[in-house]
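Q: From the sequence below, what's the structure:
(one chain, ligands or ions: 1)
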Amino acid sequence: MVARNTTTQNRHRAYLRRSRPPCHLCGGEIDYSLHWRDPLSFVVDHVIPLARGGEDTRENTRAAHRHCNRQKSDKLLDELAARPGPAPRIFVTERTW
Ligand SMILES: [Zn+2]
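A: Numbers count the residues shown, from 1 in each chain. Modelled structure (predicted):
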C-alpha cells in the first residue's frame, strides 16, 4: 500500500490549477472555479492509479473532471469484477510404487 503524501498531492493540484489543462479523459475544458462537489469540477487523476503501482509524480498526474474520474474508477471496478476466478487446482500425482 502506497502512503499518500498530502504535501505532494497539494503541489500537483496547485500546479494543475495554475496551468489549467483540459480534462485528460474527455478532452473538455475544466472550470477551475467550480465547487469541488460539482461533477464537472477539477480533480487530480493518476494516469496509473497509485493502488496499481503508479507514482505520485507530475508525469503520472493529470487534470480531470470529477465525473470523468469517477467513470474511470467504475471501469477499473468492472475490470476487477471480470477477473478470472481462482487458478485451476493442480492435482499432483505422486506415484508411490
Ligand atoms: Zn472530462
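Q: since we're on Ala64, how many residues are nearby?
A: Ala64 has 26 neighbouring residues, counting by other C-beta atoms under 10 Å. Using the backbone N, CA and C atoms, a C-beta is placed for each residue, glycine as well.
Q: Outside of stretch 37-51 itself, list whatever touches it.
A: Applying C-beta atoms under 8 Å, 6 or more residues apart in numbering, the contact partners of stretch 37-51 are 1-2, 4, 9, 12-13, 16-17, 24-25, 30-32, 34-35, 54-56, 60-70, 72, 76.
Q: redo that, cut-off 7 Å
A: By C-beta atoms under 7 Å, 6 or more residues apart in numbering, the list of residues contacting stretch 37-51 from outside reads 2, 4, 9, 12-13, 16, 24, 30-32, 34-35, 54, 56, 60-67, 69, 76.
Q: in that stretch, what's buried?
A: Under the neighbour-count criterion of 16 or more other C-beta atoms under 10 Å, stretch 37-51 has 41-46 buried.
Q: Show the contacting residues for Gly27.
A: Here Gly27 is in contact with no residue (C-beta under 7 Å, 6+ apart).
Q: Throw the buried residues of stretch 37-51 into JSON lines and include secondary structure and distance to Glu94, thanks.
A: Shown next, in JSON lines, are the buried residues of stretch 37-51 (DSSP: H, G, I helix; E, B strand; the rest coil; distance: C-beta to C-beta, whole Å):
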{"residue": "Ser41", "secondary structure": "coil", "distance to Glu94": "61"}
{"residue": "Phe42", "secondary structure": "strand", "distance to Glu94": "61"}
{"residue": "Val43", "secondary structure": "strand", "distance to Glu94": "55"}
{"residue": "Val44", "secondary structure": "strand", "distance to Glu94": "54"}
{"residue": "Asp45", "secondary structure": "strand", "distance to Glu94": "51"}
{"residue": "His46", "secondary structure": "strand", "distance to Glu94": "47"}
